[in-house]
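>>> Give the three-dimensional model of this entry:
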Amino acid sequence: MTLVPVDLFTETALVESVKSLREQLQHHGHRYYVLDEPEIPDAEYDRLFAELQALELAHPELSSADSPTRRVGGAPLGQFDSVRHAVPMLSIRTETDTLATGAENFDARVRRELGLTPADPPVEYVAELKFDGLAMNLRYENGVLVQAATRGDGEIGEDVTQNIRTIRQIPLRLSAGTKGNACPAIPPVLEVRGEVYMRRDEFEALNERQREKMALGAKGEKTFVNPRNAAAGGVRQLDPAIAAQRRLSFFAYGLGEVTAPAQGGPAFNTHFELLMTLKAWGFPVAEQTKVVRGAAELVAFHQYMGETRDQLPYDIDGVVYKVNSLLLQRQLGFVTREPRWAVAHKYPAQEQLTTVLGIDVQVGRTGKLTPVAKLAPVFVGGVTVTNATLHNEDEARRKDVRIGDTVIVRRAGDVIPEVVSVVLEKRLGQAEQFTMPRQCPVCGSAAVREEGEADYRCTGGLFCAAQRKEAILHYAHRRAVEVDGLGDKLVELLVDANIIRTLPDLYRLGLTSLAGLDRMADKSANNLLEAIETSKQTTLPRFMFGLGIRHVGEATAKALARYFGNLDAIMSASEDELLAVDDVGPVVAKSIRTFFDQAHNREVVEQLRACGVTWEEGAPAERAPQPLSGKTFVITGTLPTLGRDEAKDKVEAAGGKVAGSVSKKTDYVVAGMEAGSKLTKAIELGIKVIDESQLLELLNGSA
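This is a model prediction of the structure:
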């Protein structure tokens, strides 16, 4: 290609030429990658791209973050930065029931919450596909992509902007819609939520390239198990050039933070209208998305997609139902961290036949005993399975699983392998029926089954090696006794090296025992020993919580400490005496009594005391009314003087409760600087909003 000499261009003409090329490439890229309706040959697109690339190289001052040339990737990153989501990326409830039941249960819940009668018309829903990929939040400012972040834990994700720029279905600059396709103006701030995924043909091509590399002797290369893993790995590549080679795709399905209508943002009435606007702005939206009415049409959509899912060019593991009216969505609200107005309805998992080689019993971190079938290796749902859960003794007996049996195995929810049933006609001989051991296979402590529960649990508690690592981590948690610097990897090293066998061993550590650990320098060892020494001065609620007694959380530990005043009184209290404590019911009372009835647990407590762990004890608290008794608070934003944990402790000490989300049951929202969606929700629901000074007045009983 011959470029026009730069000096023949006026500055204005040069800028206009670059602008025109970008607009052409954006238009044709959208036609090709999103609509699958190309207007020009690939060679012509490549010519336009090369022309723009040459102009930008010759004139770096004309480079722009939204240029199509930026999709080829930038410099490799050292690590990903953290991103706090302005609006949390919440999960939705999953239904795994039969075809009719899953949809009907959801529709019935929605109608019940809305107070509808059988005479009222059907609720209108949007039925969507549940993509098997990676959730993503795309942030646009003034129509330009400025940030892309993974879901992470819902509150904080990872900044993967450079990698997301390589996905050609994601617009770098938004368009205001085509002629004859009117849509709202693009708001100053727009966060689009969607799924990054890999098409099946791209997945097969990727694995073929990997096999070719391996055949040539390339080190560190491997094939990928399924498209989702390949997509997730592509998004989290530190080198965007490698991410670009994965050829990922994207579907949009919702919004995060958006400029409010009062400030010029869009005002939508329905979820479907929102999706169609996203499509007009240039985002790909699955064509199968449709509006349906009532449970019967939800069932029909689920059935149709289940029958045709194998014909799709990408993987789905279910469908999603959402109430279409945004007004009704707001009315329905949330329960804990899940919207009442949406549900994911998954399909039955893939199933395969294999043979049971043995049945072991595993002890989980909470002491739960789980029978596990050891299987002849079988490939199920993209993974080679060698173990499958039998859940509990009742389930193992109901299915009558025995060693040597041929069984049907599936990945329940496409994740956890489980035995579905036995093929009885293939059973050979009379194998013995499975019986759960009555002693923990790890520590020998009694295995008990609480009334009304299906699971047996080891009563060894702090004594059981299977629970040891988790017990130590829980004890060292910042909300428990708190040992700063004692994290997962260090605990694993200490336990695996047999340096720590029980909690009291933590206080017997010395420089000599730590010196042999990998990457444990003298300074790190001294810092840990100082933190352990500091942890000896604690409080009774923290100590009680740190013991890890089943069903005893922070609030229960505080209630026990307030009621009894000292540990000996708690340890000797009968179940009836424990039941007199607020927040303690029959299950919790029995759990506390069972824990302290174990001699080795009492011994651990006494050894911790002997090692110098101490707290201020006193007489049982008077039963005077507390100023915040029966009130529920939500704390959001940064308070002037109180940390969030400190504010929570003060509220709970005064008899109040602190919740994580705003609902109709919330009495007060305590708002500080940079309060976000919780404050907005409180205002919408008419809940009283107070600041730190007003909270302190309530705590003092003067408000």
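
>>> Apart from its chain neighbours, what residue comes closest to Ala65?
Spatial nearest neighbour of Ala65, chain neighbours left out: Val144 (6.3 Å); criterion: CB to CB, 6 or more residues apart in numbering. In short, each C-beta sits where N, CA and C put it, glycine included.

>>> Show me the beta-bridge partners of that neighbour.
Glu141, Arg173 (DSSP bridges).

>>> Could you check how far it is from Arg109?
41 Å (CB to CB, to the nearest Å).

>>> swap in Met89?
23 Å.

>>> Of the two, which one has the most company?
More neighbours surround Met89 than the other of Met89 and Arg109, with 21 against 16 (other CB atoms under 10 Å).

>>> Show me which residues of stretch 629-640 are buried.
Using 16 or more other CB atoms under 10 Å as the test for burial, stretch 629-640 gives 631-637, 639.

>>> my bad, stretch 201-219
By neighbour count with 16+ other CB under 10 Å, stretch 201-219 contains the buried residues 202-203, 206-207, 210.

>>> Next: stretch 265-280.
So, applying 16+ other CB under 10 Å, buried residues of stretch 265-280: 265-266, 268, 270-280.

>>> Just those: which are in helices?
Residues of the buried residues of stretch 265-280 located in helices (DSSP state H): 271-280.

>>> Including distance to Glu425 and pLDDT, could those residues go into TSV?
As requested, these are exported to TSV (distance: CB to CB, whole Å; pLDDT from 0 to 100):
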residue	distance to Glu425	pLDDT
His271	49	97
Phe272	50	97
Glu273	55	96
Leu274	53	96
Leu275	50	96
Met276	54	95
Thr277	57	94
Leu278	53	95
Lys279	53	93
Ala280	58	91
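
>>> out of the residues you listed, who's nearest Arg22?
Of all these, Ala280 has the smallest distance to Arg22: 19.7 Å, by CB to CB.

>>> Following element in sequence after the helix or strand of the chain with the lowest mean pLDDT, please.
Between all helices and strands in the chain, the lowest mean by mean pLDDT, DSSP states H and E belongs to helix 42-58, at a mean of 75. Going down the chain from helix 42-58, the next helix or strand is strand 82-84, by DSSP states H and E.

>>> Listing partners with orientation, what would you give for that following strand?
In the sheet, strand 82-84 lines up against strand 156-158 (antiparallel) (DSSP bridges).

>>> Val605 belongs to a helix?
Yes - under DSSP: H, G, I helix; E, B strand; the rest coil, Val605 sits within a helix.

>>> Quick check: Asp505 touching Ile499?
Yes - look at Asp505 against Ile499 with CB atoms under 8 Å: they come within range, at 7.1 Å.

>>> Helices of the stretch 401-550 of the chain, start to end?
Secondary structure of the stretch 401-550 of the chain (DSSP state H, counting those that start in this stretch): helices located at 468-475, 488-496, 511-515, 522-534, 540-546.

>>> Show me what the third one is packed against.
Under the contact criterion of 3 or more CB pairs under 8 Å, 6 or more residues apart in numbering; DSSP states H and E, the helices and strands touching helix 511-515 comprise helix 522-534.

>>> pLDDT score for the residue nearest the centre of the chain?
Centroid check for the chain by CA atoms, centre = their mean gives Asp153 as the closest residue, at 4.6 Å. You'll see Asp153 listed with a pLDDT of 76.

>>> Can you pull the phi/psi pair for it?
Here is the backbone geometry of Asp153 (degrees, to the nearest 10): phi -90, psi 10.

>>> Spit out the contact partners of Pro88.
With contacts defined as CB atoms under 8 Å, 6 or more residues apart in numbering, Pro88 is in contact with 154-155, 337, 677.

>>> Roughly how far does the residue nearest to the centre of the chain sit from His302?
Separation of Asp153 from His302 (CB to CB): 30 Å.

>>> next one: Arg365
With CB to CB as the criterion, Arg365 and His302 are 36 Å apart.

>>> The two: who's more crowded?
His302 (22 against 14).

>>> And the more buried one, which helix or strand is it part of?
His302 belongs to helix 294-308, assigned by DSSP H and E.

>>> doesn't Ala654 make contact with Lys558?
No - Lys558 is beyond contact range of Ala654, at 11.0 Å (criterion: CB under 8 Å).

>>> out of those two, which sits in the more crowded spot?
Higher neighbour count among Lys558 and Ala654: Lys558, with 20 against 17, using other CB under 10 Å.

>>> Let me know the pLDDT of that one.
With respect to pLDDT, Lys558 scores 90.

>>> remind me which residues of the stretch 51-200 of the chain are low pLDDT?
Scanning the stretch 51-200 of the chain for pLDDT under 70 picks out 70-78, 96-100, 176-182.

>>> I'd like the distance between Glu155 and Arg340.
20 Å.

>>> Neighbour count for the two, which is higher?
Between Glu155 and Arg340, counted using other CB under 10 Å, Arg340 has the larger neighbour count: 20 against 13.

>>> Leaving out the residues flanking it, which one is nearest to that one?
Residue nearest to Arg340 in three dimensions, not counting chain neighbours: Leu332, with 4.1 Å by CB to CB, 6+ apart.

>>> What does that neighbour show for phi and psi?
As for Leu332, its main-chain torsions (degrees, to the nearest 10) stand at phi -70, psi -40.

>>> and if you look at the one 10 residues further on?
Listed backbone geometry of Ala342 is phi -150, psi 150, with angles given as degrees, to the nearest 10.

>>> By neighbour count, which of the contacts of Pro88 wins?
Neighbour counts for the contacts of Pro88 peak at Ser677, which has 16 neighbours (criterion: other CB under 10 Å).

>>> Wait, it touches Met89, no?
No - assessed by CB under 8 Å, Ser677 is found out of contact with Met89, at 11.5 Å.
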